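>>> Got a predicted model here, sequence first, then my questions.
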Amino acid sequence: MSRIRTLNHFAFFRFTDAYYALDEEQKAPIRAQLLAGLREAAERVDIYQVYPARHEHDIMVWSACNAEEVGVAAEFFQRFARATNPLRRWLTPTFTMWGFTKPSIYSRSERSAQEIDPFAEERKRYMVVYPFVKTVDWYLLRRDTRQGMMNEHIRIGKQYPQITQLLLYSFGLADQEFIVTYETDDLNEFSDLVMELRGSDARKYTERDTPIFTAVYHPAEETLALF
């Protein structure tokens, strides 16, 4: 994938009691309408199973668009609202977060081999995604001090080459500064990575990195058919 700026939007939904009261013959066209609308709203859409990993949400919709043009966000939000608002009787939005990709100021390479391609045809079994906020003291540190701590962070990440990451920037656009997204086939290995990162110096400058969403990938039709 060539380096392009992309918009990535994560929307969480819970199906309503009215939806669960329907029989399968009635549910199927609702799911088909939802999926068709979502696929018209973005260049790439993946739908993940969230429940029962978290009780507040049933599914997570990950939408990705090329964002080289300045009007992309407004146009995507309009299409997404048109796709989901007519289905509010059956589907309740419970949480959203979004951000843009951009080159890291701490990495010399244009693109890491461990960077997630939002438009890739194949996905790993699990996605873990969470909002992230640094402390004020972090931004007041000298650039070389921050670089040193990020070098340690990058070194630890490279010890787990099977785990891929996508970092999104939301500064001034949402409550979080970043959205951190990981793909993995092994949740135990991912937990080991996070445990090791917790002991790095940069951890002292983390203000918030919750809520954490662990989601399971299936093809979109299969995810929706679970509900």
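Okay, I see it. Numbering: from 1, shown residues only.

>>> Buried residues in stretch 73-87, which are they?
73, 76, 79-80, 83-84, 87 (16 or more other Cβ atoms under 10 Å). The way it works is simple: take the backbone N, C-alpha and C, and place the C-beta from them, glycine included.

>>> Phi first, then psi, for residue 121.
Main-chain torsions, residue 121, degrees, to the nearest 10: phi -80, psi -30.

>>> quick one: contacts for it?
Listed by Cβ atoms under 8 Å, 6 or more residues apart in numbering, the contact set of residue 121 is empty.

>>> which residue ranges form the strands in this protein?
6-15, 44-49, 59-66, 91-100, 126-134, 164-169, 178-184, 206-208, 213-217 (DSSP state E).

>>> want to throw those into a markdown table with mean pLDDT, distance to residue 22 and mean neighbour count?
Formatted as a markdown table, the strands of the chain follow (pLDDT from 0 to 100; distance: least, Cβ to Cβ, whole Å; neighbours: other Cβ atoms under 10 Å):
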| stretch | mean pLDDT | distance to residue 22 | mean neighbour count |
| --- | --- | --- | --- |
| strand 6-15 | 98 | 10 | 22 |
| strand 44-49 | 98 | 19 | 21 |
| strand 59-66 | 98 | 17 | 22 |
| strand 91-100 | 98 | 12 | 18 |
| strand 126-134 | 98 | 28 | 19 |
| strand 164-169 | 96 | 35 | 20 |
| strand 178-184 | 98 | 33 | 20 |
| strand 206-208 | 96 | 38 | 14 |
| strand 213-217 | 98 | 24 | 20 |
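
>>> Out of the ones you listed, which is closest to residue 154?
strand 164-169 (10.3 Å; Cβ to Cβ).

>>> by how many degrees do the closest one and strand 6-15 diverge?
Between strand 164-169 and strand 6-15, the angle comes out at 100 degrees (axes from the mean of the first three to the mean of the last three Cα atoms, to 10 degrees).

>>> quick one, phi/psi of residue 159?
phi -70, psi -10.
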